[in-house]
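Chemist: Let me see the structure of the following:
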Amino acid sequence: QVQVVESGGGLVQPGGSLTLSCAASGNDVSIYGMGWYRQVPGKERELVADIIKNGKTKYADSVKGRFTISRDNANNTVALQMNSLKSEDTAVYYCNVDLGRDLRGRPWREYWGQGTQVTVSS
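Modeler: I've put the predicted structure just below:
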């Protein structure tokens with residue numbers, strides 16, 4: 001079992017910055033992928049950014065150039081630095097971790113955090 005805990009959400013003005021943090025813990029666990037998703041009411045949860053163990057990253061087109069994902073493999077933590085925030089970034093952000101993926105990139109075992117609200121508003 002893996003526990004996933006996020007922190008760092010809150011209210012920020014448009015154009016501002018915010019950093020989300022996430023820590024995964026569990027006995028003898030080896031985390032492969034770590035990522036951030038977001039969801040607004042009435043819409044599906046969407047990938048924001050993803051980083052695998054070798055440091056390869058993937059971003060949603062809507063956040064490229066504004067958000068940066070990073071991870072600390074030794075401590076199983078991942079952070080999302082969000083700059084130039086827009087009102088459309090308002091959502092509940094979820095941390096996701098997986099223990100490995102199949103050949104199509106789908107995680108075979110994944111865990112989610114409880115979510116943290118990010119509100120971008122003046």
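
Chemist: Now do the strands for the chain: every range, in order, please.
Modeler: For the chain, applying DSSP state E gives strands covering 3-7, 10-12, 18-25, 33-39, 46-52, 57-59, 67-72, 77-82, 91-98, 110-112, 116-120.

Chemist: could you dump those strands to a markdown table with distance to residue 104, mean neighbour count and mean pLDDT?
Modeler: Every C-beta, even on glycine, is put in place using the N, C-alpha and C of the backbone. Below are the strands of the chain laid out as a markdown table (distance: least, CB to CB, whole Å; neighbours: other CB atoms under 10 Å; pLDDT from 0 to 100):
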| stretch | distance to residue 104 | mean neighbour count | mean pLDDT |
| --- | --- | --- | --- |
| strand 3-7 | 23 | 16 | 96 |
| strand 10-12 | 36 | 14 | 98 |
| strand 18-25 | 23 | 19 | 97 |
| strand 33-39 | 13 | 22 | 97 |
| strand 46-52 | 14 | 19 | 97 |
| strand 57-59 | 14 | 15 | 98 |
| strand 67-72 | 21 | 18 | 98 |
| strand 77-82 | 22 | 22 | 98 |
| strand 91-98 | 13 | 23 | 98 |
| strand 110-112 | 14 | 16 | 96 |
| strand 116-120 | 29 | 18 | 98 |
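
Chemist: Spatially central, which residue of this structure would that be?
Modeler: Note on the chain: the residue nearest the mean C-alpha position is residue 36, at 1.7 Å, using CA atoms, centre = their mean.

Chemist: residues touching that one, list them.
Modeler: Contact analysis of residue 36 by CB atoms under 8 Å, 6 or more residues apart in numbering lists 20, 22, 47-50, 69, 78, 80, 93-96.
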